[in-house]
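# Here is the input, now give the coordinates:
(chains A, B, C and D)
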Protein chains: 2
Amino acid sequence: MSPRRSAAAARETREEIVARAVAVASTDGLEGLTIGRLAGDLSMSKAGLIGHFGSKERLQLAALEEAIAIFTREVWLPVADRPAGRERLLAICDAWVAHLQSGVFPGGCFLTAASMEFDGRSGPVRERVIAALELWRSVIEHDVRAAVAAGELPAATDPAQVWFECNALAIGLNQAIQLFGDAGAPARASRAMRRAIGVGADG
Amino acid sequence: MSPRRSAAAARETREEIVARAVAVASTDGLEGLTIGRLAGDLSMSKAGLIGHFGSKERLQLAALEEAIAIFTREVWLPVADRPAGRERLLAICDAWVAHLQSGVFPGGCFLTAASMEFDGRSGPVRERVIAALELWRSVIEHDVRAAVAAGELPAATDPAQVWFECNALAIGLNQAIQLFGDAGAPARASRAMRRAIGVGADG
DNA sequence: CCATTTAGCAAACGATCGTTCGTAATCTAT
DNA sequence: ATAGATTACGAACGATCGTTTGCTAAATGG
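Okay, the predicted model is just below:
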């Protein structure tokens, strides 16, 4: 056989590969991704599959990029149009917790898993993970600063501290869901995030 | 050649293998462990190496067991003789943070990495990780309950909430150290843990 | 309508994976 | 001293890894 798909539809093929790669990598890790396994899942040849990317590392980067896009779509997009400040910060936390519960990634939060998997290695994958997390950090801290400037949060609030705690709680929530199946964890994470931000029980 | 070591010293060989396996797995993951790589590092044959364990999975379990022992030695042992309560709980948090800073595991907290790596799989490795974390959880929650019973903490303190937050903060601290090299993270983690426990700024 | 590009495949590459087998050398215990 | 365990080895097993090479056939562009 040969080109089963038109030149335009080749993009569709690529997207199917990436979607499958994201699903597999979320459970088996980006390093656990295997071209042969992926090709078998999609009933295509290894050569035809990797031809879309050139190398396994670029396939990993494509999967990571898609996972970042999914995270952005689920957590950031719903609140992106609101003004920066306390209210949006709380909405972000809600969307974040909901995202971790949503099950978009069968193996749990992709970025968290990738950050743990590559935290001791070097290369473009690690760098891309760091860049994505740094961007997310800057978003959170920006909203904290805006809330402080608007008098919605105490002046002594430390943006870096809020980021550190909320990020940690999100990772912990992911572990609680994936490893323990703890149904009470989302509520605990939400409560703790609100306390980390410095908002009262009414928050 | 043949038995380079006496029957008694064979145990030493095994310990060397496990020690190296822990170091490698802390950076490359338990699944990234490779018998050939390990044998090369230790200048021995693959067959001679795996003969001590029987299979790769049992080698993984041995490495995991050793990592659990190291964690216990570094975090639990120093405070094990104190009475349960608020003071010991704070000492545990200090030892926990110090452990994550210590660099015993070149690739960062072994248990955290293993829990993320195996949270979407099944098998004895995952079960052992869960058991270790459950035990650690019970230790933390027991001290919280003791502190509440002694009036050292507010009666409304929820042991499960304290565990959830402290565990999450430890994981987040590990990420901050390994991925970002954030020197300010230990202090932030300590502060947040104390707040999670419900103790004033005096600590 | 024809030339070029492109999508995808089959097959093979050398390397490495975990595991098994047979054997030699040493230790232990009789 | 001798018999049996034990330790570790070299070599090989089939399987799979990521990648490369040619090829076919369909889509595209002049």
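
# Residue ranges in chain A under the pLDDT threshold?
A:1-4, A:7-8, A:200-203 (pLDDT under 70).

# show me what contacts A:Arg137?
A:Trp163, A:Asn167 (C-beta atoms under 8 Å, 6 or more residues apart in numbering or on different chains). Quick note: C-beta positions are derived from backbone N, CA and C, even for glycine.

# Likewise for A:Ala19?
Counting by C-beta under 8 Å, 6+ apart, A:Ala19 touches A:Glu66.

# so how far is B:Asn174 from it?
Computed as C-beta to C-beta, to the nearest Å, the A:Ala19 to B:Asn174 distance reads 30 Å.

# Over to A:Ala69?
When distance is defined by C-beta to C-beta, A:Ala69 is 26 Å away from B:Asn174.

# The two - which one has more neighbours?
Counted by other C-beta atoms under 10 Å in any protein chain shown, A:Ala69 and B:Asn174 do not tie: B:Asn174 has more neighbours, with 26 against 13.

# Helix, strand, or coil at the more buried one?
What DSSP: H, G, I helix; E, B strand; the rest coil gives for B:Asn174 is helix.

# B:Gln101 is in contact with that one, correct?
No - applying C-beta atoms under 8 Å as the test, B:Asn174 and B:Gln101 come out as separate, 9.9 Å apart.

# Tell me the buried residues in the top helix by length along chain A?
In chain A, with assignment by DSSP state H, the single longest helix is helix A:124-149. Residues A:125-126, A:128-129, A:132-133, A:136-137, A:139-141, A:143-148 are the ones in helix A:124-149 that count as buried (16 or more other C-beta atoms under 10 Å in any protein chain shown).

# Next: stretch A:184-203.
For stretch A:184-203, the neighbour count (16+ other C-beta under 10 Å) marks A:185-186, A:188-199, A:203 as buried.

# Widest-spaced pair of those residues?
A:Ala185 and A:Gly198 (21.8 Å; C-beta to C-beta).

# What separation do you get for the closest residue to DNA strand C within chain A and DNA strand D?
Of all residues in chain A, A:Gly48 sits closest to DNA strand C, at 2.5 Å by C-beta to the nearest atom of the strand. Distance from A:Gly48 to DNA strand D, counting by C-beta to the nearest atom of the strand, to the nearest Å: 8 Å.

# What about the nearest residue to A:Val79 once chain neighbours are set aside, how many residues nearby?
Setting aside the residues directly before and after it, A:Val79 is nearest to A:Ala91 in space (C-beta to C-beta, 6 or more residues apart in numbering or on different chains), at 4.6 Å. Counted with other C-beta under 10 Å, the neighbours of A:Ala91 add up to 15.

# A:Ala91 contacts A:Asp81, doesn't it?
No - A:Ala91 is not in contact with A:Asp81 according to C-beta under 8 Å; the separation is 10.9 Å.

# For the closest residue to A:Leu89 other than its chain neighbours, give its distance to B:Gly103.
Excluding the flanking residues, the one nearest A:Leu89 by C-beta to C-beta, 6+ apart is A:Asp143, at 4.4 Å. Per C-beta to C-beta, A:Asp143 is found 34 Å from B:Gly103.
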